[in-house]
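Enquirer: I need the structure of the sequence given here:
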Amino acid sequence: MNYLYSPVYRSILFPSLVFGMPRRLFLILGIATLALVFSLGQIWFLAVTLILMLITRKIAKEDRWIFEIYSQLFKLPQELD
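Expert: Residues are numbered from 1 along each chain as shown. As a prediction, the model looks like this:
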């Protein structure tokens, strides 16, 4: 039995992205889009959502961890200056 080999699953190594954006950001943007479009009739927000999705997909293709890095950066105390 080889004890030196331990499988590492891909879900541990990479963040979970939905359409190229983090799951939390996708849900927030999706719910806001549904609320604005269906309840208020703001059809123009579909174009804004599409543009934001394309931008985040482009950013996440270059660096998968960029959203995690920025979320950790904003959680740091600001007294470090």
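
Enquirer: Please enumerate the strands of this structure.
Expert: Along the chain, counting by DSSP state E, strands occupy 17-18, 21-22.

Enquirer: In CSV: those strands, plus mean neighbour count and distance to Ser71.
Expert: C-beta coordinates here come from the backbone N, C-alpha and C atoms, glycine included. Below are those laid out as CSV (neighbours: other CB atoms under 10 Å; distance: least, CB to CB, whole Å):
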stretch, mean neighbour count, distance to Ser71
strand 17-18, 15, 14
strand 21-22, 20, 8
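
Enquirer: Pull the number of nearby residues for the spatially closest residue to Ile43 that is not a sequence neighbour.
Expert: Distances taken as CB to CB, 6 or more residues apart in numbering place Val37 nearest to Ile43, at 6.3 Å, with adjacent residues excluded. By other CB atoms under 10 Å, 15 other residues sit near Val37.

Enquirer: Likewise for Phe26?
Expert: 16.

Enquirer: quick one: it and Val18 touch, right?
Expert: Yes: the pair Phe26 / Val18 is scored as a contact, 4.4 Å apart, by CB atoms under 8 Å.

Enquirer: Return the helix or strand in this protein with minimum mean pLDDT.
Expert: The weakest-scoring helix or strand in the chain, judged by mean pLDDT, DSSP states H and E, is helix 10-13 (a mean of 72).

Enquirer: quick one on the thing from earlier: dump the strands of the chain to CSV, plus distance to Thr56 and mean pLDDT.
Expert: Listed next are the strands of the chain as CSV, based on distance: least, CB to CB, whole Å; pLDDT from 0 to 100:
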stretch, distance to Thr56, mean pLDDT
strand 17-18, 9, 80
strand 21-22, 4, 82
